[in-house]
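Chemist: pasting the sequence and the predicted model now:
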Amino acid sequence: MQRDPEKEETGLIRGCLSPGAGQTLEIGCGNGRLTADLSRYADNLVAVDSYMEDLVSARRRIGTSVKFVAALGEWLPFPANSYDTVIFTLSLHHQKPHKALREASRVLKDDGQILVLEPVADSPVSKLFAILEDESEKYALAEIAIDSSGLKVIGTGSVRTRWVFEDAAELVSHLFDYFGLEPDIEKESIMMQLLGDLQGMEPLPIADVTRFWLLRMW
């Protein structure tokens, strides 16, 4: 499976951030998919995630050019006014969003910026994931937290991306593996219905949408 082979999300991040981006903190780095690209132009990049297995994978992928720290966005082990840029890479909805944004604001320098990337609930990818676990309410709560954070929104929008699977079988396997679930014939059938005419394609591209907010202190 390839996720965003055209690197639209990376282009979005680069378009939002000033050159160099200064001291940069990535919250929710996962296995380092976006961290690897960030490390090429973000100065002094620190990446945090709460899952040690993901951090190990990210370190193997990237090496020592990035400092990896096991931490939650709600409890950042850094002093106040530490970072020029804080990036939530599709991770705000996995946390208590109000608290995570407060922590991001605490470690942000007065003239710094926060970039939030979040999935969109009605994209084809999100609809497929929702068959196993519907996170649309979490996405909505993240957006509410942004709106009520007291931070100034200086930019917002969305970008279309693709996930490319070898075939429908790989897609189904990936979805169940992601959630650590055993295959379920009934849910597989729902997935195939949702795919419609796409299910026979090889390779199989599935459209996704990432929304972003660029925030600053008032």
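Modeler: Sure, I can see it.
Chemist: sketch out the low-pLDDT regions of this structure for me.
Modeler: 18-21 (pLDDT under 70).
Chemist: at 50 instead, please
Modeler: Of all residues in the chain, none has pLDDT under 50.
Chemist: what are the ranges of the strands in it?
Modeler: With DSSP state E as the criterion, the chain has strands at 2-3, 24-27, 45-49, 67-70, 83-89, 108-119, 152-165, 204-216.
Chemist: any chance of those strands in CSV with distance to Glu182 and mean neighbour count as columns?
Modeler: The way it works is simple: take the backbone N, C-alpha and C, and place the C-beta from them, glycine included. Listed next are the strands of the chain as CSV, based on distance: least, Cβ to Cβ, whole Å; neighbours: other Cβ atoms under 10 Å:
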stretch, distance to Glu182, mean neighbour count
strand 2-3, 24, 14
strand 24-27, 31, 27
strand 45-49, 26, 25
strand 67-70, 29, 15
strand 83-89, 29, 25
strand 108-119, 25, 20
strand 152-165, 20, 15
strand 204-216, 22, 19
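Chemist: could those strands go into TSV alongside distance to Leu17?
Modeler: Shown next, in TSV, are those (distance: least, Cβ to Cβ, whole Å):
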stretch	distance to Leu17
strand 2-3	21
strand 24-27	8
strand 45-49	12
strand 67-70	18
strand 83-89	6
strand 108-119	7
strand 152-165	11
strand 204-216	8
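Chemist: do you know which of those lies nearest Ser126?
Modeler: Closest to Ser126 of the strands of the chain, according to Cβ to Cβ: strand 108-119, at 5.4 Å.
Chemist: which ones are touching the closest residue to Glu188 other than its chain neighbours?
Modeler: Leaving aside its chain neighbours, Glu188 sits nearest to Val172 (5.5 Å; criterion: Cβ to Cβ, 6 or more residues apart in numbering). Counting by Cβ atoms under 8 Å, 6 or more residues apart in numbering, Val172 touches Pro183, Glu188, Met191.
Chemist: also Thr161?
Modeler: Taking Cβ under 8 Å, 6+ apart as the test, what Thr161 contacts is Arg3, Asp4, Glu6, Glu8, Glu9, Ala207, Asp208, Val209, Thr210.
Chemist: now with 7 Å, please.
Modeler: By Cβ atoms under 7 Å, 6 or more residues apart in numbering, the contact list for Thr161 reads Asp4, Glu8, Glu9, Asp208, Thr210.
Chemist: nearest to Val164, of those?
Modeler: Nearest to Val164 among these is Asp4, at 9.1 Å by Cβ to Cβ.
Chemist: based on its surroundings, how many neighbours for that closest one?
Modeler: Counted by other Cβ atoms under 10 Å, the residues lying close to Asp4 total 20.
Chemist: how about Gly106, nearest residue that isn't a chain neighbour?
Modeler: One correction, residue 106 is Arg, not Gly. In space, Arg106 is closest to Ala80, 5.3 Å off (Cβ to Cβ, 6+ apart).
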